[in-house]
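**Q** Quick one, structure for this:
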Amino acid sequence: MGDAWPIPPFSCRRRANFGLASVGLPWHTNGRMEYEAVIGLETHVQLKTHSKMWCGCANAFGSDPNTNVCPICLGMPGVLPVPNAEAIRLTVLTGYLLNCEIPRFAKFDRKNYFYPDSAKNYQVTQYDKPSTANGWIEFEFDGPGSVDGLARVRITRAHLEEDVGKNSHFDRFSGVDFNRAGVPLLEIVSEPDLNGPDMAYAYLRALTDVLYRGGISDCDLEKGMVRCDVNVSVRPKGATKLGAKIEIKNMNSFSGVRRALEYEIPRQIEAVKRGETLRQETRRWDDLAGITEPMRSKEDAHDYRYFPEPDLMPLAPTDEWLASVRAQVVELPLARKRRFLREYGLPDGDAEIFRDNLPLAGFFEKAVQGASQPKAIANWVINNLQARLSDSATAVDDVRIRPEQVRELVGLVEGGSISSKIAQDVFAEMFNTGDSPKAIVERNGWSQVSDVGALEALCDQAIAANPGPAADFRAGKVAALNALKGQVMKLSKGKANPALAGEILERKLRA
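**A** Down below sits the predicted model:
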């Protein structure tokens, strides 16, 4: 391996125990030195297009091997690529979603290397003039590096390139499936702002959430739509100079990234403690054994002999086109959650539900228009509507009940027209029929009894029939009043005004 340093002395088929109490920030070494990890991620995401990057072949998963191919996919001599306009749009849209700058000049380059999965022996990518640069993503993270539960990671660039084929290795031979070759691929490169396994995991979850909600990619890890390269180094805490960068290639799960870092960071620290000089290299993660293993010394950029792609014109987006793409930016989940906290005064738990359920959030926002009690409406939408949607396997868009009817129901309860118990029955009928709450209340005679004379008669019956609780209340047991109030509600079949009934009971018992 040349520059590769030896594997630490432990069994190669089990996870090593480096004697560290935990993988956290910072890492302590015998009380003498504290180390910190510096992590950057390169995330490769397949774009949501119908066809490939340079040709009309289908961008589809699961087809028989080498059926979605053509002379362009296979790198035949004399073919000319034609850029996929939708892939370019999605790239720029990603830039806006990630708060990036969009340069007015971008170009494609050839990255030259020999490997069986690349029929052309080069990959078309963007090198020094990418389509987006200098952005950031903010996400919820309660750990080192966060402020008030939020962390921010800078995005170096999100550049457009083509995917390569897939190698498969069997007992006596290997094969290459070029169906994936030429699929539009976005490489999103972070700055080394991550400091540990949990933060890296949270970043990847947040990044793919943005891309999925923004319509950029389906982000299906099982179909290989998201892959990740991890760059990690360690240094004394407080130092500014980065340590030797170790790259862990082709991670295909976020939990795998976290486990690989939980292994690799202590491994590097132990090597430094032994006086070893770490050198830049590429390693692979063996998920079964729980270890990283050396692959090769890391190539520098000049080893790829980048040069501008001669068959493709540079990209120079106009102001009008950029404005049209920017208009397609959607509200992202974290922004929605923070807005619901700010505008509606919802508790964090309610806002979190609406953060991840856009249809339910849309229903709530329609229901809350002009309402004085957003929290009360949120309770009905979350606790009642969401439960019934789940039980009936109904989508929000297909439900019979309308948002304004929920607002009307809350108004009937707040105005004392019906009790909260009766409101549950009204809601059930609203869900099944789509009728208005007022019509349901009138049809069933469910209006709340607030007539003082009628309630006094019910209270007298309850006291006479329940001398025990009445005596307990007179003896100072205030909670006994609830038992009597329950009897009044039972006598009125749930239609008594509970607050007024309580006042009348208390007055009579204290007389």
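
**Q** Where do the domain boundaries of this structure fall?
**A** Domain assignment of the chain by automatic domain parsing yields the ranges 27-320, 333-444, 452-510.

**Q** how far out from the middle of the chain is the second one?
**A** I take that to be domain 333-444. 25 Å (Cα atoms, centre = their mean, to the nearest Å).

**Q** likewise the longest one?
**A** With Cα atoms, centre = their mean as the basis, domain 27-320 stands 18 Å off its chain's centre.

**Q** Ok, the last one next?
**A** Domain 452-510 has its C-alpha centroid displaced from the chain centroid by 51 Å (Cα atoms, centre = their mean).

**Q** still on that earlier bit, turn the domains of the chain into a markdown table, columns for mean neighbour count, distance to Arg326 and mean pLDDT.
**A** C-beta: built from backbone N, CA, C; applies to glycine. Listed next are these as a markdown table, based on neighbours: other Cβ atoms under 10 Å; distance: least, Cβ to Cβ, whole Å; pLDDT from 0 to 100:
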| stretch | mean neighbour count | distance to Arg326 | mean pLDDT |
| --- | --- | --- | --- |
| domain 27-320 | 18 | 5 | 94 |
| domain 333-444 | 17 | 15 | 94 |
| domain 452-510 | 16 | 53 | 86 |
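
**Q** closest one to Ala327 among the ones you listed?
**A** domain 27-320 (9.7 Å; Cβ to Cβ).

**Q** Which residue, neighbours along the chain excluded, lies closest to the residue most central in space within the chain?
**A** The residue lying closest to the centre of the chain (Cα atoms, centre = their mean) is Asp209, at 3.5 Å. In space, Asp209 comes closest to Pro333 once its chain neighbours are excluded; the distance is 6.0 Å by Cβ to Cβ, 6 or more residues apart in numbering.

**Q** For the one you found, give me phi and psi.
**A** phi -60, psi -50 (degrees, to the nearest 10).

**Q** what does the one 5 residues further on give?
**A** The phi/psi pair for Arg338 (degrees, to the nearest 10) reads phi -70, psi -30.

**Q** part of a strand, is Arg227?
**A** Yes: counting by DSSP: H, G, I helix; E, B strand; the rest coil, Arg227 is part of a strand.

**Q** Distance check, it against Arg339.
**A** 33 Å (Cβ to Cβ, to the nearest Å).

**Q** Find the residue closest to Ser233 in space, skipping its chain neighbours.
**A** Nearest to Ser233 is Gly243, by Cβ to Cβ, 6+ apart, at 3.6 Å.

**Q** That neighbour touches Val234, doesn't it?
**A** Yes: the pair Gly243 / Val234 is scored as a contact, 5.3 Å apart, by Cβ atoms under 8 Å.

**Q** Please enumerate the shared neighbours of the two.
**A** Residues touching both Gly243 and Val234 (Cβ atoms under 8 Å, 6 or more residues apart in numbering): 38, 268.

**Q** just to revisit the earlier point, quick check: which element contains the residue nearest to the centre of the chain?
**A** If you go by DSSP states H and E, Asp209 is part of helix 197-213.

**Q** what's the angle between whichever helix in the chain runs longest and helix 197-213?
**A** Secondary structure assigned by DSSP state H gives helix 254-273 as the longest helix of the chain. Per axes from the mean of the first three to the mean of the last three Cα atoms, to 10 degrees, the angle that helix 254-273 makes with helix 197-213 is 150 degrees.

**Q** tell me what helix 254-273 is packed against?
**A** Packing partners of helix 254-273 (3 or more Cβ pairs under 8 Å, 6 or more residues apart in numbering; DSSP states H and E): strand 27-29, strand 33-46, helix 197-213, strand 226-236, strand 246-251, strand 281-286, strand 291-297.

**Q** Please save the CA atoms from the third one in PDB.
**A** What follows is helix 197-213, C-alpha atoms only, in PDB (Å, rounded to 0.1, in the frame of the first residue of the first chain):
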ATOM      1  CA  PRO A 197     -20.900  10.300  14.400                       C
ATOM      2  CA  ASP A 198     -24.300  11.600  15.700                       C
ATOM      3  CA  MET A 199     -23.900  14.900  14.100                       C
ATOM      4  CA  ALA A 200     -23.000  13.300  10.800                       C
ATOM      5  CA  TYR A 201     -26.100  11.100  11.000                       C
ATOM      6  CA  ALA A 202     -28.300  14.000  11.800                       C
ATOM      7  CA  TYR A 203     -26.800  16.000   8.900                       C
ATOM      8  CA  LEU A 204     -27.500  13.200   6.400                       C
ATOM      9  CA  ARG A 205     -31.100  12.800   7.600                       C
ATOM     10  CA  ALA A 206     -31.700  16.500   7.300                       C
ATOM     11  CA  LEU A 207     -30.000  16.800   3.900                       C
ATOM     12  CA  THR A 208     -32.100  14.000   2.300                       C
ATOM     13  CA  ASP A 209     -35.200  15.400   4.000                       C
ATOM     14  CA  VAL A 210     -34.500  18.700   2.100                       C
ATOM     15  CA  LEU A 211     -33.900  16.900  -1.200                       C
ATOM     16  CA  TYR A 212     -37.000  14.700  -0.900                       C
ATOM     17  CA  ARG A 213     -39.300  17.500   0.200                       C
END
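
**Q** Cheers, nothing more for now.
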